[in-house]
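A.B. asks: Got a sequence here, can you build the structure:
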Amino acid sequence: MTAIKDAIKIIDEAPKITFLTGAGVSTPSGIPDYRSLQGVYQGIDQPEYLLSHDCLVYEPQKFYQFIKQLYHPEAQPNIIHKKIAALARKKPVWVISQNIDGLHDKAKTPHVVNFHGNLYDVYCCKCNQSIPWEKYLTCDIHENCGGRLRPNIVLYGEGFTTDVVNHATAAVKAADLVVIVGTSFQVAPFNQLLYYRDKHAKIMAINQTPLAIQEPFTMVQCAAEDLFKEINI
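C.D. replies: Numbering: from 1, shown residues only. Sure, this is the predicted structure:
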């Protein structure tokens, strides 16, 4: 296991970095993760169904009542988002995030792929018009056409757009160092992005629990915020 100071040296010396980020990056901002005992799934039966295309279509009110719990507009970027954004202003850095909270964008990170979408990007399923998320939180029916509103996120049972996949794979291919941060890295196809890295690129994982990755990698077992606060930019 690599010490924090050694990990920071690797990050500092890497010419091009791609960060793969998960829920652990946003928990310091007050956004609960999905699967911990304190997470938003706790005590809910069939949580994956509530975030599925089938639930949206066949039980839209059940979907709507659940999805509203995932909004935390008061949340602000924390030290992890801020330091990654600062790094990205110094050298080529990409972020590919599992998170749907938009905090990397809020931190003004130049190059972000929201792999699973963004809760705050809302549109009408009938007329495809973009709708302010604030309106969505008051009603899930479009007042103009009567269509159902939804956030532009990837639900269970839905596929990924070619554009998102192409941007994500290109960002991984371009990296000299791929840094996995705050995720158990078990959800496909996000965890398959490593297949696209250059054979000479290094892999680092920063997480509170060890990860099981087939390729050789550097494990830094700590809270991500403890590492990023030590990076001087």
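
A.B. asks: Tell me the pLDDT of Ser36.
C.D. replies: Per-residue pLDDT puts Ser36 at 49.

A.B. asks: distance of the residue nearest to Arg148 when sequence neighbours are not counted from His53?
C.D. replies: Nearest non-adjacent residue to Arg148, counting by C-beta to C-beta, 6 or more residues apart in numbering: Cys125, 4.9 Å away. (Glycine included, C-beta is placed from N, CA and C.) Separation of Cys125 from His53 (C-beta to C-beta, to the nearest Å): 11 Å.

A.B. asks: sorry, back to before: give the burial count for the residue nearest to Arg148, as a bare number.
C.D. replies: Neighbour count of Cys125, defined by other C-beta atoms under 10 Å: 15.

A.B. asks: Can you check what pLDDT the model gives Ile10?
C.D. replies: 97.

A.B. asks: Which of the helices or strands spans it?
C.D. replies: Assigned by DSSP states H and E, Ile10 falls within helix 4-13.

A.B. asks: for that helix, which positions count as buried?
C.D. replies: 4, 7-8, 10-11 (16 or more other C-beta atoms under 10 Å).

A.B. asks: Which of those residues sits closest to Trp94?
C.D. replies: Nearest to Trp94, judged by C-beta to C-beta, of those is Ile11 at 13.9 Å.

A.B. asks: in this structure, which spans are strands?
C.D. replies: 17-21, 93-97, 112-114, 117-124, 130-131, 149-153, 177-181, 202-207, 218-221 (DSSP state E).

A.B. asks: So Ile96 versus Lys90, what's the distance?
C.D. replies: Distance from Ile96 to Lys90, by C-beta to C-beta: 19 Å.

A.B. asks: These two: which has the busier surroundings?
C.D. replies: Taking neighbours as other C-beta under 10 Å, Ile96 and Lys90 compare with Ile96 leading, 23 against 9.

A.B. asks: Run through the residues that contact that one.
C.D. replies: For Ile96, the contacting residues are 18-21, 112-113, 115, 168, 171-172, 190, 193, by C-beta atoms under 8 Å, 6 or more residues apart in numbering.
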